[in-house]
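Peer 1: Coordinates for the following, if possible.
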Amino acid sequence: MLRIHFTSEDLTRIQVASTPDPLWEITFSLQRLQTSQGRWAYADWHRSARATLAGTRLGAAVRRLLIPVLPRAAYLPDFLTPHESADGLEPGLTAILNTPPARVTHEMDLLARISGAPGWAPRLAERDSLDELVQVLRAYHDAVVAPHDDRMCESIAGERGLLARATLDSGIGGLLAGLCPSMRWRPPVLHVDYVEDRDLHLEGRGLRLVPSHFCWQLPMSLADNTMRPVLVYPVHGARLPEPARPDVALGALLGRTRAAALRILALGATTSELARTLGVSPATATHHTTVLRDAGLITSRRVQNTVLHILTPLGATMLRGPASEPCAATSGQR
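Peer 2: Residues are numbered from 1 along each chain as shown. Reported below is the predicted structural model:
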């Protein structure tokens, strides 16, 4: 159990990541490759990732370099998921390269004692070895994580919409109480199902919440409590199926009523709220949201006894017009 202790000041300093954190997504995606647990939720990605890596130099490098230092284990080196990766992959990789050698050595020693580490791990304190590791991290991200950026952005946009609504309805307590089933808010402590038993006292530093597409079931934090606090956790609820191809489904979108529905859903709405605003029956509103969802323009999440509909990045782009920029994993802040 991880117990995160909040002060009143910490409650005013909670942040939620707006885009995927590439190095955390790399970390969790590697875990998805190392276990069959939850594989059904990532079946399409798992097949494509295996096909991309099988029999290639990159696949061999991932097995030789990445999996040994980012295993599916109780401890992972903190320097491989730096705060700077909130601004994108390249800032994160630069931060890894700039890690003091003494810290790399210390965390590799911890990895060896707690989870097991390869014999070459201490050499990561040398610049050439760290350069090679960073090159493989970049290549792995580009090959098997980056192609799914839109899907990850959609997941996080939906999560932020849910959390915003929870905060407006019930305050910060509602936000913390609704993060995911593995967390329980018992003021002033957030209890998190975890791989070890420990306490994290925020002490006015606040908490950065990072919803993750590839995180499965158990959240994760940094091992070093003196670092800037962060909690990475699975996006809310069950995995949604991949949306239908937009070029197939968008033909059904034409018409004033659905265009009006899309504008209404820019701020999020339940099915009943949408029906009232449009002046249609709940069944008709459900039909419209089904078409919009199949077109990849909205995502729908069940919240207690209602269904909340929120725009995806594609839906938001359609409302803004062709000159707008889509969500990109390189534009966020952690």
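
Peer 1: can we go C-alpha only for contacts and neighbour counts from here?
Peer 2: Noted.

Peer 1: can you give me the strands in the stretch 201-334 of the chain?
Peer 2: For the stretch 201-334 of the chain, the strands defined by DSSP state E, counting those that start in this stretch occupy 207-212, 220-221, 230-234, 269-270, 298-303, 306-311.

Peer 1: Quick one: closest of those strands to Trp40.
Peer 2: Checking those against Trp40 by CA to CA gives strand 230-234 as the closest, at 15.1 Å.

Peer 1: Buried residues, the helix or strand encompassing Ala49. List them.
Peer 2: Per DSSP states H and E, Ala49 falls inside helix 43-53. Going by neighbour count (16 or more other CA atoms under 10 Å), the buried part of helix 43-53 is 45-46, 49, 53.

Peer 1: Poorly predicted segments of the stretch 101-250 of the chain, please.
Peer 2: Residue ranges of the stretch 101-250 of the chain with pLDDT under 70: 236-250.

Peer 1: Touching the helix or strand where Ile4 lies from outside, list them.
Peer 2: Using DSSP H and E, Ile4 sits in strand 2-5. Taking contacts as CA atoms under 8 Å, 6 or more residues apart in numbering, the residues outside strand 2-5 that touch it are 188-194, 196-203.

Peer 1: same deal with stretch 24-32?
Peer 2: In contact with stretch 24-32 (CA under 8 Å, 6+ apart) are residues 38-39, 46, 67, 70-72, 81, 137, 140-141, 145, 212-216.

Peer 1: can you check stretch 105-118 too?
Peer 2: Residues contacting stretch 105-118 (CA under 8 Å, 6+ apart): 68-69, 73-79, 121-122, 124-125.

Peer 1: run the last query once more with 10 Å
Peer 2: 64-65, 68-80, 101-104, 119-126, 223-224 (CA atoms under 10 Å, 6 or more residues apart in numbering).

Peer 1: What about those, which are in helices?
Peer 2: 68-69, 101-104 (DSSP state H).

Peer 1: Report the separation between the residue nearest to the spatial centre of the chain and Cys153.
Peer 2: Centroid-nearest residue in the chain, with CA atoms, centre = their mean: Ser212, separated by 1.8 Å. Ser212 sits 10 Å away from Cys153, taking CA to CA, to the nearest Å as the criterion.

Peer 1: shared neighbours of those two, anything?
Peer 2: Common neighbours of Ser212 and Cys153 (CA under 10 Å, 6+ apart) are 19-20, 159.

Peer 1: Just the buried subset of those residues, please.
Peer 2: If you count burial by 16+ other CA under 10 Å, the buried members of the shared contacts of Ser212 and Cys153 come out as 19-20, 159.

Peer 1: closest to Ser281 among the residues you listed?
Peer 2: Nearest to Ser281 among these, with distances taken as CA to CA, is Glu159, at 27.2 Å.

Peer 1: Could you verify that that closest one is part of a helix?
Peer 2: Yes. Checked against DSSP: H, G, I helix; E, B strand; the rest coil, Glu159 lies within a helix.

Peer 1: Wait, it touches Tyr233, no?
Peer 2: No. Assessed by CA atoms under 10 Å, Glu159 is found out of contact with Tyr233, at 11.0 Å.

Peer 1: residues shared between the contacts of the two?
Peer 2: 179, 211-212.

Peer 1: hmm, back to that, now, which of the shared contacts of Ser212 and Cys153 sits nearest Leu89?
Peer 2: Of those, the one sitting nearest to Leu89 (CA to CA) turns out to be Pro20, at 10.0 Å.

Peer 1: Asp199: helix or strand, and which one exactly?
Peer 2: Per DSSP H and E: strand 198-201 holds Asp199.

Peer 1: Neighbour-wise, which one of the contacts of strand 2-5 leads?
Peer 2: Counting neighbours by other CA atoms under 10 Å, Val192 comes out on top of these with 22 neighbours.

Peer 1: Report the contact partners of that one.
Peer 2: Val192 touches 1-4, 180-185, 218-220, 231, 233, counting by CA under 10 Å, 6+ apart.

Peer 1: With that, I have no additional questions.
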